[in-house]
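# I'll drop the sequence and a predicted model, then ask my questions.
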Amino acid sequence: MDRNNKISLSLIVPLLNEESSIEPLYDRILTVLNSLKLDYEILFVDDGSSDSTEKILLSIRKLNSAVKVFRFKENLGQTEALNTGIVNAKNQWVAIIDGDLQIDPVHINKMIPLLSADCDAVFGYRIKRKDVFITKIIPSLIANFIIRLITKTKIKDTGCSLKIFRKNLLTGILLTGNMHRMLPVYLALKGARYKQIEIPHQKRIYGKSKYGLERILYFPSDLVLAMGASAPSWKAKLYSSFLWLFYVLFFIGVIKFIKFIVSEIFGVPDVNSIGITTILTIFTILFSTFLSLKIWSQIKKSSAIIIK
């Protein structure tokens, strides 16, 4: 970091029903940012919480003019929360961290010195993870391996919430779908110069996880969205076509598996006699087409400049 240029940082914290973690999180954030002696602001984005999150945030805002609070009337998702934070951020650098305290804000200390003229972003990657091995760690390891294999990037961990990047990288860009998961990949594919730093992971002691195994089904579309949004139009169309083919083959495979279970294990003869397989196959093609068109629509939106 060039010591002659003072860093200005906007820290975005998306929250959903995190009433128990907000105050300890805020205290740690404040300690870290004050120790760094930089210009900063903290943007809390309440993604439609149903607990006391809003009340606690408003009480914090009264005590600190550097705190901004944004609230959605309903749950719009983490990507939209990041959009709101980025649009309203006023500083040169933007940092993002989740509100569950599984990543300690103290690690921002290690990232700030890496910011320099030849660096556009710093991404954390989790070590010594304290998540459930089967449902969290294994899917994450596989997903990150596939991402590196397909995109040819060296992103170690797209799921680490702590990251810092230049605001101008996303000025005028609309994040759509679940692009918050693939933000490091998107920025890398757009040519951002990045560094990575290991971040010790902590066991979740506040609230509960907002994501489960269902995110595995979203992974292909998330990856295609990140790749398509950073690619020329013809490539984006090609990626969407591959996504359609993947979903068709995936759901047909599921149908075949169910048919096997019903006929071989439960002994139901000739399952297709009433056309169930045919109907499900048609539905699969239509549903896969819908998903692919939806992703294509999100790719076009994310490629459009929306901020003046």
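Yes, it's here. Numbers count the residues shown, from 1 in each chain.
# I'd like the distance from Leu245 to Ile255, if you could.
To Ile255, Leu245 is 16 Å away according to CB to CB, to the nearest Å. Any C-beta I mention is one placed from the backbone N, CA and C, and that applies to glycine too.
# more neighbours: which of those two?
More neighbours surround Ile255 than the other of Leu245 and Ile255, with 18 against 12 (other CB atoms under 10 Å).
# surely that one touches Ile282?
No. Contact criterion CB atoms under 8 Å: Ile255 and Ile282 do not qualify, at 10.9 Å.
# which strands or helices does the helix or strand encompassing Leu187 pack on?
Using DSSP states H and E, Leu187 maps to helix 183-189. Under the contact criterion of 3 or more CB pairs under 8 Å, 6 or more residues apart in numbering; DSSP states H and E, helix 183-189 touches strand 121-127, helix 138-151, strand 163-166, strand 194-200, helix 215-229.
# now do it: everything it contacts.
For helix 183-189, the external contacting residues (CB atoms under 8 Å, 6 or more residues apart in numbering) are 82, 96, 120-121, 123, 147, 151, 153-155, 158, 163, 165, 169, 175, 179, 194, 223, 226-227, 229-231.
# looking at the helices and strands packed on helix 183-189, which has the lowest confidence?
Lowest mean pLDDT within the helices and strands packed on helix 183-189: helix 215-229, a mean of 77.
# starting at the chain centroid, how far to that helix?
11 Å (CA atoms, centre = their mean, to the nearest Å).
# repeat that for stretch 45-59.
That offset, for stretch 45-59, works out to 21 Å (CA atoms, centre = their mean).
# now the end-to-end length of it.
Taking CA to CA, to the nearest Å, stretch 45-59 runs 14 Å from one end to the other.
# where does pLDDT dip in the chain?
Applying pLDDT under 70 to the chain flags residues 1-5, 207, 209-215, 231-237, 239-240, 262, 264-278, 280-281, 288, 291-308.
# helices of that one, residue ranges please.
22-36, 53-63, 78-88, 108-111, 138-151, 183-189, 215-229, 233-260, 276-302 (DSSP state H).
# so which of these is the most surrounded?
Among the helices of the chain, helix 183-189 has the highest mean neighbour count (mean count of other CB atoms under 10 Å), at a mean of 24.
# just the CA trace of it, in CSV.
Output in CSV follows, covering the C-alpha atoms of helix 183-189 (Å, rounded to 0.1, in the frame of the first residue of the first chain):
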residue,chain,number,x,y,z
LEU,A,183,-18.0,-12.3,-7.3
PRO,A,184,-14.3,-13.2,-7.2
VAL,A,185,-14.6,-15.2,-10.3
TYR,A,186,-16.5,-12.5,-12.1
LEU,A,187,-13.9,-9.9,-11.2
ALA,A,188,-11.0,-12.2,-12.1
LEU,A,189,-12.6,-12.9,-15.5
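# still on that earlier bit, in a markdown table, list the helices and strands packed on helix 183-189 along with distance to Pro14.
Supplementary listing: these in a markdown table, determined by distance: least, CB to CB, whole Å:
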| stretch | distance to Pro14 |
| --- | --- |
| strand 121-127 | 16 |
| helix 138-151 | 19 |
| strand 163-166 | 13 |
| strand 194-200 | 18 |
| helix 215-229 | 16 |
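# nearest to Phe70, of those?
Proximity to Phe70 (CB to CB) singles out strand 163-166 among the helices and strands packed on helix 183-189, at 19.4 Å.
# so how far is that closest one from its chain's centroid?
14 Å.
# again with stretch 186-206
Using CA atoms, centre = their mean, the offset of stretch 186-206 from its chain centre is 11 Å.
# just the terminal-to-terminal distance for it.
From its first residue to its last, stretch 186-206 covers 30 Å (CA to CA).
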